[in-house]
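*Asks:* no sequence on hand, only this structure:
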Ligand code: HEC
Ligand SMILES: [Cu+2]
């Protein structure tokens, strides 16, 4: 009776778990794979669960059958005949686990080699996209070295192609992870790790830093955006092009503030430049900034520029409280939001 009472106590927790299981953010789950790597990972995970379930069911079935069948019955006074060592049984229960391990090992080993194969995409050849990823406390830098430009916070790739990632870090360990597309890999200072990912559908996939890297680690989110090859090429061209001179007066005034306040010293706008902070060439195309804040929220954007540490503990972006008046701030924000590369109809 008592045991049941204890069990009931766990019911609310179990229900909560069930509820939370439904909280998976869209395209931030390894259980709904959108690329060949993630699909392989999930298949392999399921295979081990099936093997495990099979073993559990068989063992428990035999256990209960034996328990019922060989129970001591009334009148059974003699101790049953004692047997030791049955060659056939010994061989059976040695061979079965070996077979099960082979069933697990073959796909695991072939899959591991498949995932570690960072040769260019055989169909795309020399045009295989190579992206240098750099983890910073607490943001991501994406260098398209062959194309000669840098992007921040959002990484664009062509859909249906194997894309190579070279992972670096400038400070501490981070881990680059796009759950819907594949496994995670650490970015380590002084070491280059290599991995590849492929997206099967043109979509926006959420990414996370998966290695505790400091107080704002949980806010170090990014996006991977897979576009059709044509759209991707257009995006690359947009990133390479020199930004147009602003026509709007407010935007032009904002550009002046941006330049006079030394923002440009850390934030490149245009094909090349400094990347002490995220490149802002396509800032207006983002949905979120600083990893988690809504770009439509101009109050948050102003607060970010005035006092970024109040929104993201430990960030290396300096605050401009008292250095930019309201009028200049409005212009600055208009300028930042005007920085687009995609045709946002
Ligand atoms: C010393 C270098 C430095 C200077 C100067 C600087 N920033 Fe930053 N900025 C950063 C860093 C680093 C980040 C990334 C912070 C993070 O997400 O943790 C950042 C992030 C941002 C972001 C969010 C970008 C995104 O997409 O996530 C905006 C917007 C921004 N800065 C605007 C400005 C403006 C406007 C100025 C000038 C008034 C400025 N910054 C000056 C370093 C700098
Ligand atoms: Cu982190």
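*Replies:* Sure thing, it's come through. Just so it is clear, the model here is predicted, and its values are computed rather than measured. Residues are numbered from 1 along each chain as shown. Ligands and ions are numbered 1, 2, ... in the order given.
*Asks:* phi, psi of residue 310?
*Replies:* Torsion angles at residue 310 (phi, psi; degrees, to the nearest 10) stand at phi -70, psi -20.
*Asks:* start to end distance for stretch 183-196?
*Replies:* One end of stretch 183-196 sits 10 Å from the other (C-alpha to C-alpha, to the nearest Å).
*Asks:* and the residue of the chain positioned farthest from its centre, how far from residue 67?
*Replies:* Here the chain reaches farthest from its C-alpha mean at residue 75, the gap being 66.2 Å by C-alpha atoms, centre = their mean. As judged by C-beta to C-beta, to the nearest Å, residue 75 and residue 67 stand 19 Å apart. Using the backbone N, CA and C atoms, a C-beta is placed for each residue, glycine as well.
*Asks:* please name the nearest non-neighbouring residue to residue 201.
*Replies:* residue 34 (5.7 Å; C-beta to C-beta, 6 or more residues apart in numbering).
*Asks:* so the one you found, which of the three states?
*Replies:* coil (DSSP: H, G, I helix; E, B strand; the rest coil).
*Asks:* now for it, how many residues are close by?
*Replies:* Residue 34 has 21 neighbouring residues, counting by other C-beta atoms under 10 Å.
*Asks:* what about residue 231, which helix or strand?
*Replies:* If you go by DSSP states H and E, residue 231 is part of helix 229-240.
*Asks:* packing partners for that helix?
*Replies:* Judged by 3 or more C-beta pairs under 8 Å, 6 or more residues apart in numbering; DSSP states H and E, the packing partners of helix 229-240 are strand 149-152, strand 154-158.
*Asks:* dump those to TSV, plus mean pLDDT.
*Replies:* Converted to TSV, the helices and strands packed on helix 229-240 look like this (pLDDT from 0 to 100):
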stretch	mean pLDDT
strand 149-152	93
strand 154-158	97
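*Asks:* mind checking those strands for the one nearest to residue 321?
*Replies:* Closest approach to residue 321 among those is made by strand 149-152 (23.3 Å; C-beta to C-beta).
*Asks:* buried ones in stretch 308-323?
*Replies:* 308, 311, 312, 315, 317, 320 (16 or more other C-beta atoms under 10 Å).
*Asks:* cool, stretch 178-192 as well?
*Replies:* So, applying 16+ other C-beta under 10 Å, buried residues of stretch 178-192: 178, 179, 180, 181, 182, 183, 184, 185, 186, 187, 188.
*Asks:* ligand 2: which of those is nearest?
*Replies:* Using C-beta to the ion, residue 187 comes nearest to ligand 2 of these, at 9.4 Å.
*Asks:* the closest one: which element?
*Replies:* Using DSSP H and E, residue 187 maps to strand 185-187.
*Asks:* next, count neighbours for residue 201.
*Replies:* Residues near residue 201, counting by other C-beta under 10 Å: 12.
*Asks:* got a list of what it touches?
*Replies:* If a contact means C-beta atoms under 8 Å, 6 or more residues apart in numbering, then residue 201 has 34, 159, 226 as its contacts.
*Asks:* closest to ligand 1 out of the residues you listed?
*Replies:* residue 226 (19.3 Å; C-beta to the nearest ligand atom).
*Asks:* surely the closest one forms part of a strand?
*Replies:* Yes: if the criterion is three-state DSSP, then residue 226 is within a strand.
*Asks:* OK, contacts around it?
*Replies:* Residue 226 makes contacts with 156, 157, 158, 159, 199, 201, 202, 203, 204, 205, as judged by C-beta under 8 Å, 6+ apart.
*Asks:* now, of those residues, which are buried?
*Replies:* 156, 157, 158, 159, 199, 202, 205.
*Asks:* least confident pick among the buried residues of stretch 178-192?
*Replies:* In terms of pLDDT, residue 183 ranks lowest among these, with 90.
*Asks:* tell me the secondary structure for that residue?
*Replies:* coil.
*Asks:* surely it is in contact with residue 41?
*Replies:* Yes: judged on C-beta atoms under 8 Å, residue 183 makes contact with residue 41 at a distance of 6.1 Å.
*Asks:* farthest pair in the buried residues of stretch 178-192?
*Replies:* The farthest-apart pair in these, when distances are taken by C-beta to C-beta, is 180 and 188, at 24.0 Å.
*Asks:* now residue 162. Nearest residue, chain neighbours left out?
*Replies:* Using C-beta to C-beta, 6+ apart, the closest residue to residue 162 is residue 121 (3.8 Å).
*Asks:* what about the one you found, which SS state?
*Replies:* Going by three-state DSSP: residue 121 is coil.
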